[in-house]
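Engineer: Attaching a predicted model along with its sequence, questions to come.
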2 protein chains.
Amino acid sequence: MNIHAAGQLSRPKIKEIRQKLKRHIHKTPILTSRFFNEHISGEVYFKCENFQKTGSFKIRGAINAALKIIGHDKETTVITHSSGNHGQALAYAAKVLNINAVIVMPNNAPRVKVDAVKSYDARVVMCKPTQQDREKTCEELKHSLNAYFIPPFDHIDIIQGQSTCAAEFLEEHPDLDYLLTPVGGGGLLSGSVLATKALELQTRVIGCEPKNANDAFLSLKQGIKLPAVSTQTIADGLRTSLGEVNFKILKDSKIEILTVSEEEILHAFQTVLERMKIIIEPSCAVPVAVYMKYKERFENKKTGIILSGGNVDLHPLFTDLKNQIKPHLKDNE
Amino acid sequence: MNIHAAGQLSRPKIKEIRQKLKRHIHKTPILTSRFFNEHISGEVYFKCENFQKTGSFKIRGAINAALKIIGHDKETTVITHSSGNHGQALAYAAKVLNINAVIVMPNNAPRVKVDAVKSYDARVVMCKPTQQDREKTCEELKHSLNAYFIPPFDHIDIIQGQSTCAAEFLEEHPDLDYLLTPVGGGGLLSGSVLATKALELQTRVIGCEPKNANDAFLSLKQGIKLPAVSTQTIADGLRTSLGEVNFKILKDSKIEILTVSEEEILHAFQTVLERMKIIIEPSCAVPVAVYMKYKERFENKKTGIILSGGNVDLHPLFTDLKNQIKPHLKDNE
């Protein structure tokens, strides 16, 4: 595959992809927050992919990639390894497209994530919780089942699918000065870059990354793809290293990466939940944290933030409430 | 005051109140959820007062009542005792109307609630955490400050303010078969009853109450106002007993009350957060729990649910995340 050529997106191509995805995904709402607009004197818009099917933007890429395969072969099985949103997305994509999905998951994955994948009728295969065993298990199954491997971010079909999120956002707000997205593997960020270019807009796309997993920041600074050394961040969706295709697109476009600390991420997470009363996952608090930290950059500007997902473990909250009612679980009749 | 006469609301009167409140409150969005529509074969609409100013519908009544007073006297002070949403609402109402507010709060009130009231520039006066001391402190201050007492629910101005929520809802969906609201003191429920009548709609309003604080259920069954005997429920906004005015309105209209257990409330709370990715408080999970429990009643019907507020203590969630990052709080540079 010629990465450079494949990395091109045009206005008609985006339209075509959006048309194909349309009946499988939500056109997610764009919210504003008086709190943010008052505290940082600019205008900020939030594209709510936390309300997306399966709880994250990942469904866009998963459906787009799966649709490509179906074009060749109707009786098919897709496979991936994932402990997170991509696994759920691919399982759901397979369900709505009426094909089979196998998701390889580490045996220490949270029960709630395993259940979510199973709820979409995918087959879950457990493996040891190491990258090596995940890949090995996946590779073996791929061959024995004659399945198609759908990677989480490092593929142009995935990137083009994710590009539809920024495209929807920019269609409603073509005058955004900035567009902030989180960056982990780089699917959403490189998709957003391609969409902005294809739509010939002046919007400046910025990647937002945890300081504690800053491989994109370092890779783009040094011009060579470096692996993530540390991944100790609560932004669990961003612990992974940049993909090859993703790095190429970001490097070619000279994309800026801004980083934030764990405290800043947690503070932004808390602010969104308490002020906006919506649930986001820590990974998507990262661009919000960037917006709050570098606020002088965004003053009197129009900024868009993609809230990438809402799959956070809420059990600590439920457990706390459960403990409160325990003494009086014998209800009045 | 002639309660019966005062309890009347007309279409022009609602319009007039809505007009007065308009610039101080949000017209909150109405959401749908594919999950709920698929799992209970009916149509359900959620009016999101959790996104309202101060995080609950209480601001509607507080502003309406405060505006009445300002009509008589521009230099004024309003006072109430509250450990919950009404205190925040009145503090905010006073701020936007440029009058003074004093909120008497029990000295065991959560810090976050005290801070919220203070953030609206209200004066907080602490008292002992007993109903008696709350009322005494409030009464003394009312006299010494020549302040106006604004009750949380037992007053027609409050009820008429709250009626605007159902009015907004029914304007967009005049064909609702059912309208479910929580019932504690009865401000929101009796306001919803008056709005439905004034708009001459066939919508059947149902009050939703925790079994563990079922004084409205028992009072309306027996035809006399009974105090809440037990108030051991996680639906902390619904622990209070019905107000006099509220009881009269509900009794005259022969309103039905349905009750749910603590487990059912918690399950509904969990379902809304996990599936809809929005934050509600346990009190407003009560009508959702009723909808899920009595689902055969609502099959093939169009039902509206007022999600009354979103002020829940999220600290267990934040603490859990904080503990996760503690080991690596020393960020990379």
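Structural biologist: Sure thing, it's come through. Numbers count the residues shown, from 1 in each chain, chains lettered A, B, ... in the order given.
Engineer: those strands in the stretch 1-150 of chain A, which residues are they?
Structural biologist: Here the stretch 1-150 of chain A has its strands, by DSSP state E, counting those that start in this stretch, at A:30-31, A:43-48, A:77-81, A:100-106, A:123-127, A:148-149.
Engineer: could those be laid out in CSV, adding mean neighbour count, mean pLDDT and distance to chain B?
Structural biologist: Glycine gets a C-beta too; all of them are placed from N, C-alpha and C. What follows is those, written out as CSV (neighbours: other C-beta atoms under 10 Å in any protein chain shown; pLDDT from 0 to 100; distance: least, C-beta to the nearest C-beta, whole Å):
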stretch, mean neighbour count, mean pLDDT, distance to chain B
strand A:30-31, 16, 95, 9
strand A:43-48, 22, 97, 8
strand A:77-81, 24, 96, 23
strand A:100-106, 23, 94, 17
strand A:123-127, 16, 95, 19
strand A:148-149, 16, 96, 28
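Engineer: Distance to B:Pro174 added to the ones you listed, as CSV?
Structural biologist: Output for the strands of the stretch 1-150 of chain A, formatted as CSV (distance: least, C-beta to C-beta, whole Å):
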stretch, distance to B:Pro174
strand A:30-31, 26
strand A:43-48, 28
strand A:77-81, 46
strand A:100-106, 43
strand A:123-127, 46
strand A:148-149, 50
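Engineer: B:Ile69 is nearest to which of these?
Structural biologist: Nearest to B:Ile69 among the strands of the stretch 1-150 of chain A is strand A:30-31 (34.2 Å), distances taken as C-beta to C-beta.
Engineer: Residues touching the closest one, excluding its own?
Structural biologist: Here strand A:30-31 makes contact (C-beta atoms under 8 Å, 6 or more residues apart in numbering or on different chains) with A:Tyr45, A:Phe46, A:Lys47, A:Cys48, A:Phe169, A:Glu172, A:His173, A:Met276, A:Ile278.
Engineer: from those residues, which single one is nearest B:Lys13?
Structural biologist: Nearest member of the contacts of strand A:30-31 to B:Lys13, counting by C-beta to C-beta, is A:Met276, at 33.3 Å.
Engineer: Go through the contacts of strand A:30-31 and name the one nearest A:Glu296.
Structural biologist: Of those, the one sitting nearest to A:Glu296 (C-beta to C-beta) turns out to be A:Tyr45, at 19.2 Å.
Engineer: So what sits opposite the closest one in the bridge?
Structural biologist: A:Gly304 (DSSP bridges).
Engineer: who's in contact with it?
Structural biologist: Counting by C-beta under 8 Å, 6+ apart, A:Tyr45 touches A:Ile30, A:Leu31, A:Thr32, A:Phe169, A:His173, A:Leu176, A:Lys302, A:Thr303, A:Gly304, A:Ile305.
Engineer: just curious, which of the residues you listed is nearest to chain B?
Structural biologist: Comparing the contacts of A:Tyr45 against chain B with C-beta to the nearest C-beta picks out A:Leu31 as the nearest, at 8.9 Å.
Engineer: and the contacts of A:Tyr45, which are buried?
Structural biologist: A:Leu31, A:Phe169, A:His173, A:Leu176, A:Thr303, A:Gly304, A:Ile305 (16 or more other C-beta atoms under 10 Å in any protein chain shown).
Engineer: Would you mind listing the residues in contact with the fourth one?
Structural biologist: With C-beta under 8 Å, 6+ apart as the criterion, the residues that contact A:Leu176 are A:Tyr45, A:Phe169, A:Leu170, A:Leu201, A:Thr203, A:Lys302, A:Thr303, A:Gly304.
Engineer: do that again at 10 Å, thanks
Structural biologist: A:Leu176 is in contact with A:43-45, A:166, A:169-170, A:196, A:201-205, A:301-305, counting by C-beta atoms under 10 Å, 6 or more residues apart in numbering or on different chains.
Engineer: Just the pLDDT at it, thanks.
Structural biologist: As predicted, A:Leu176 sits at a pLDDT of 98.
Engineer: ok, now how distant is it from A:Cys48?
Structural biologist: 16 Å (C-beta to C-beta, to the nearest Å).
Engineer: now do A:Lys322
Structural biologist: 29 Å.
Engineer: what do you get for A:Ser56?
Structural biologist: 11 Å.
Engineer: now A:Asn214
Structural biologist: Applying C-beta to C-beta, the value for A:Asn214 to A:Cys48 is 26 Å.
Engineer: How about A:Ala66?
Structural biologist: Taking C-beta to C-beta, one finds A:Ala66 at 24 Å from A:Cys48.
Engineer: now do A:Phe149
Structural biologist: Distance from A:Phe149 to A:Cys48, by C-beta to C-beta: 30 Å.
Engineer: Tell me, how many residues neighbour A:His86?
Structural biologist: By other C-beta atoms under 10 Å in any protein chain shown, the residues close to A:His86 number 26.
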